[in-house]
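Trainee: Pasting a predicted model and its sequence here:
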Amino acid sequence: MEETMTQPRQVAGFGRDLKSEEMVISMGPQHPSTHGVLRLELVVDGEVVVDVIPHIGYLHRCFEKHCEHMTNYQQVIPYADRMDYVAAMSNEFGYVVACEKLLKIKVPERVEYIRVIMAEFSRIVSHLIAIGTYGMDIGAFTPFLYCMRDRERVLDIFEQTCGARLLYNYMWIGGLSHDVPAGFTEKVKDFCRYFRSKIKELNDLLSYNKIFIKRTANVGVLPAAVALNYAVSGPVLRGSGVKWDLRKNDPYSVYDRFDFEIPVGQGLKGTVGDCWDRYMVRIHEMEQSVNIIEQAVDGLPAGDIASAIPKRIRPDAGDVYVRTETPKGELGYYIVSDGTATPFRVKVKSPCFVNLSALPAMSRGAMIADIVAILGSIDIVLGEVDR
Amino acid sequence: MTPQQIFESLKSRFGEAVLEAKIDAFPDPWIRVAPAKLREICLYLRDDGEMLFDVLMCLSGMDYRAGKLGVVYHCDSTAKHHRIVLKTEFTDADPHVASVESVWKTANWHEREAFDLYGIVFDGHPDLRRILMPDDWRGFPMRKDYQVPEFYNGMKVPY
Amino acid sequence: MKEFLIDLLHNEALVYTLMAFVPLVWVVPFALFAVWWERKISAHMQDRLGPMRTGGYHGWAQTVADILKLIQKEDIIPSAADRKLFILAPYLVFAGSYAAYAAIPFSAAYVGSGINIGLFYVISISSIVVVGLLMAGWASNNKWSMFGALRSAAQIVSYEIPVALAILAVVMVAGTFDLQEINRLQTGWFWNWFLFQKFPFLFVGSIIYFVASLAEVNRTPFDIPEAESELVAGYHTEYGGMRFALLFLSEYANMFAVSAIATTLFLGGWNSPFGEFLSGPFWGLFWFLGKGMMFIFVQMWLRWTLPRLRVDQLMYVGWKVLIPFAFAVVIGVGFWVMAVR
């Protein structure tokens, strides 16, 4: 015992030996605010965090290995659902777009529109969870349940469409599993009307709460240059003031037909790129998603959703990298085909994985309570980080 | 810049290290480079006023079968709105490639992942540890010739 | 009440024991129902129903069932814990918060101990809780518990200063530490309450007292010692079963204790708001508990509305906001009292 006390204490991943006043505490994998099985090793000096060393992989389910052992491309989709399980539609979207590009399939307009509606709904769902749990991280419990209540309404729409509430297997290569049900348009419009007022309620309850602003403004600032160097994406990047949204900057599907804004962090309550900016970008994005959904529902063309579904999926040899804007950020699929019916390689560039890697850069010098705030503002889903 | 121009510019600057380019590849054109010079090439791509590839979108480890490993880099420029794919190949007997962690910080975890799953060693990486698999895992699971071990720490693996 | 019981039983020791048990008869059922109450209030604030099944009517027996479950649980003491302190801590915490009840005047006819320094006794004896919390955090041998305990100690010690200053202002007006006497001074209509005396000084003082007392009992927005999203559960992370129940119980006991003090000092204690209307010992008990419960409700309301402050912000509020204002109140009241005399 005596001997170990005098030896320099080391932590893997921490650049130097620990000083005598520094302590290592392990946050997670069972911890209420790591949003799953993430483990953060915090090197702390009192309440001040010197460094954060994230340990991931507790939820590694070998997605990429699975893909190589499927019998065809279509079978990957249910696995893609299970990556970011709070926004499963968006994951499918990226994968089917990549496969269609590889197969050179042109998808019917109706399918594209329905996909956009579903992807935007899943953005709302995902942001509601992000905002609700973020409130909980900061200590406000009530907004979480308000968010869950509104989320239920969207899940009801999903359920009526494809029978599943969380993991859909809805978007298929070249089409969809089901057409939208009767009365879909009215339901969607009802929801949009309802949800606009709820965003205002959420703002009154949480966003402009003085304590909430105190806890999040000027905390975990990520400057734009650092953000780009870490290749973070989604609300984290836009929170840093970079106007970059793949729906506008690299449009896929039919996003170029809709009129919407890209909200960016402006540092209204503190510095550009702080936690409050990232949070607020999500609130504004929900409003924009509602706009897109309304436009898409109005312009929903008639047609057959299954006409372009290929009988035989056997793309030519080649590789494709397709990135789509999921609620968490830029989700990339790098699919390599060797001309057989099975993918040769599917690499997923997960936005959560990349955004989480920027956590240490944001949190050095913060306090323990700030780590919780910063981690919540990144909005990770461990299913996608670990894949 | 078009991929052809990027290739010519790289070729004139780095000569031998830039091996070939497939400009007409569908859908993304790519350039194959030598693993040793990779860091310099990437640094040039990032900093040159004409290139400005400020974002590394994706870094993928690859196993091309028959003992050939590789790494694929997808680079993007938010300022110039062009993108390029860099590929590099080497054998599994000598799986070394220069790390680009110092060029794009995002490569840190991607390279750790490639090391973890493919056993690719990134020279110059500050903290090359396993990331997704347990620290004491043996072998590199994403390699095509990987055999699932019978036991892991006394626990039966294939159930 | 004491005299009456002595006449009845002719045994002073028995009477004092009985008298000491009276608050316990209140505290335990109160804590049980306050937990149920908190669940229902939070549920209705959050668009849900809360417990609905146990006991029939709106799940009233839910916490009773929970306590029965906690009693039956295995008593786990971590192997690396400091056994003696670990066992002792919950008792000390409960003893500290329960001891405060000795001097709380529930009604004109009942106060556990009518000592003439009652107020002084309450603020000093309730500080024992800090020792218990530190003990719990240290003995658990868990870094998160330790953080919780240290935060809690820092917080309670800091916030005792504004509490004491606000109380001091009342004492200057009342001229006594005797809680029954303070109550008697507020008899009459509600404008006789100290809340509205020496306006606005004691009004500000009452707000300072209420905010600081929230911190004293670790309620949101000052619940950082047990911030579940940061410290898991703070000092009681390693506690389970009955020991946890005891810590939980003392938390609710504490909540009522500070509310009772606030009631006594600022809201006229057991006095009816309407002069002689509905006054008397039994109505006094009603008014006292009713006012206390109102404070409890506000505490719960705040808890389910506000986020949580950070450690340094908490200290900022304590030292740089509450204490200067409390000093201003003390000085203002002091001048007023001197000038009028």
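Mentor: Here it is on my side, so go on. Numbering: from 1, shown residues only, chains lettered A, B, ... in the order given.

Trainee: Please, which helix or strand holds residue C:106?
Mentor: In this structure, residue C:106 sits in strand C:105-107 according to DSSP states H and E.

Trainee: Quick check: buried residues in that strand?
Mentor: Within strand C:105-107, the residues scored as buried using 16 or more other CB atoms under 10 Å in any protein chain shown are C:105, C:106, C:107. (C-beta placed from N, C-alpha, C; glycine too.)

Trainee: cool, and stretch C:108-123?
Mentor: C:108, C:109, C:110, C:111, C:112, C:115, C:118, C:119, C:120, C:121, C:122, C:123.

Trainee: who touches the residue of the stretch 1-150 of chain A found nearest chain B in this structure?
Mentor: Closest contact between the stretch 1-150 of chain A and chain B, by CB to the nearest CB, is at residue A:57 (4.1 Å). Listed by CB atoms under 8 Å, 6 or more residues apart in numbering or on different chains, the contact set of residue A:57 reads A:386, B:130, B:131, B:132, B:133, B:134.

Trainee: tell me the secondary structure for it?
Mentor: coil (DSSP: H, G, I helix; E, B strand; the rest coil).

Trainee: Would you mind measuring from it to residue A:353?
Mentor: According to CB to CB, to the nearest Å, residue A:57 and residue A:353 sit 11 Å apart.

Trainee: right, and the secondary structure at residue C:333 would be what?
Mentor: helix.

Trainee: er, residue A:114 I mean
Mentor: Going by three-state DSSP: residue A:114 is helix.

Trainee: and it, what does it touch?
Mentor: By CB under 8 Å, 6+ apart, the neighbours of residue A:114 are A:176, A:179, A:180, A:300, A:305.

Trainee: same question, residue A:144
Mentor: A:132, A:133, A:135, A:136.

Trainee: repeat that for 10 Å
Mentor: A:128, A:129, A:131, A:132, A:133, A:134, A:135, A:136, A:137, A:206, C:46 (CB atoms under 10 Å, 6 or more residues apart in numbering or on different chains).

Trainee: before we move on, what about residue B:86?
Mentor: B:6, B:10, B:18, B:30-33, B:38, B:41-42, B:45, B:53, B:56, B:59, B:71-75, B:100.

Trainee: circling back: packing partners of the strand holding residue C:106?
Mentor: Judged by 3 or more CB pairs under 10 Å, 6 or more residues apart in numbering or on different chains; DSSP states H and E, strand C:105-107 is in contact with helix C:12-45, helix C:179-185, helix C:241-266, helix C:281-303.

Trainee: So which of these is nearest chain A?
Mentor: helix C:12-45 (5.9 Å).

Trainee: which secondary element of the chain has the worst mean pLDDT?
Mentor: No chain in the question, so chain A it is. helix A:2-6 (a mean of 53; mean pLDDT, DSSP states H and E).

Trainee: other chain: chain C
Mentor: helix C:228-231 (a mean of 70).

Trainee: re earlier: out of the contacts of residue A:57, which are buried?
Mentor: Using 16+ other CB under 10 Å, the buried ones in those are A:386, B:130, B:131, B:132, B:133.

Trainee: List the ones among those residues that fall in helices.
Mentor: residue A:386 (DSSP state H).

Trainee: Just send the buried ones among the contacts of residue A:57 back as JSON lines, with pLDDT and distance to residue C:81 too.
Mentor: Below are the buried ones among the contacts of residue A:57 laid out as JSON lines (pLDDT from 0 to 100; distance: CB to CB, whole Å):
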{"residue": "A:386", "pLDDT": "87", "distance to residue C:81": "33"}
{"residue": "B:130", "pLDDT": "88", "distance to residue C:81": "34"}
{"residue": "B:131", "pLDDT": "89", "distance to residue C:81": "34"}
{"residue": "B:132", "pLDDT": "88", "distance to residue C:81": "35"}
{"residue": "B:133", "pLDDT": "87", "distance to residue C:81": "34"}
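
Trainee: Regarding the closest residue to chain B within chain C, what are the backbone dihedral angles?
Mentor: Using CB to the nearest CB, residue C:143 is the residue of chain C that sits closest to chain B, at 22.2 Å. Main-chain dihedrals, residue C:143, degrees, to the nearest 10: phi -60, psi -40.

Trainee: Which residue is the nearest non-sequential neighbour of it?
Mentor: Spatial nearest neighbour of residue C:143, chain neighbours left out: residue A:25 (4.7 Å); criterion: CB to CB, 6 or more residues apart in numbering or on different chains.

Trainee: Can you tell me the SS state at the residue sitting nearest the centre point of chain B?
Mentor: Centrality entry for chain B: nearest residue to the mean C-alpha point is residue B:71, 3.0 Å, by CA atoms, centre = their mean. Following three-state DSSP, we place residue B:71 in the strand state.

Trainee: returning to what we had before: let me know which of the helices and strands packed on strand C:105-107 is tucked in deepest.
Mentor: The highest mean neighbour count among the helices and strands packed on strand C:105-107, using mean count of other CB atoms under 10 Å in any protein chain shown, belongs to helix C:241-266: a mean of 24.

Trainee: What average pLDDT does it get?
Mentor: For helix C:241-266, mean pLDDT rounds to 86.

Trainee: ok, residue A:92 touching residue A:78?
Mentor: Yes - in this structure, residue A:92 is within contact of residue A:78 by CB atoms under 10 Å, at 8.9 Å.

Trainee: Same drill for these two, tell me which one is more crowded.
Mentor: Between residue A:92 and residue A:78, counted using other CB atoms under 10 Å in any protein chain shown, residue A:92 has the larger neighbour count: 28 against 13.

Trainee: name the element the residue in chain B positioned nearest to chain C belongs to?
Mentor: Relative to chain C, the nearest point of chain B is residue B:135 (22.2 Å; CB to the nearest CB). Under DSSP H and E, no helix or strand contains residue B:135.

Trainee: which among the contacts of residue A:57 gets closest to residue C:74?
Mentor: residue B:134 (31.3 Å; CB to CB).

Trainee: quick revisit: could you export the helices and strands packed on strand C:105-107 to a markdown table, including columns for distance to chain B?
Mentor: Output for these, formatted as a markdown table (distance: least, CB to the nearest CB, whole Å):
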| stretch | distance to chain B |
| --- | --- |
| helix C:12-45 | 39 |
| helix C:179-185 | 62 |
| helix C:241-266 | 32 |
| helix C:281-303 | 39 |
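
Trainee: Nearest to residue C:85, out of those?
Mentor: Of the helices and strands packed on strand C:105-107, nearest to residue C:85 by CB to CB is helix C:241-266, at 12.1 Å.

Trainee: Nearest to chain C: which residue in the stretch 251-387 of chain A?
Mentor: For the stretch 251-387 of chain A, CB to the nearest CB, closest residue to chain C: residue A:369, 4.6 Å.

Trainee: Nothing else from me, thank you.
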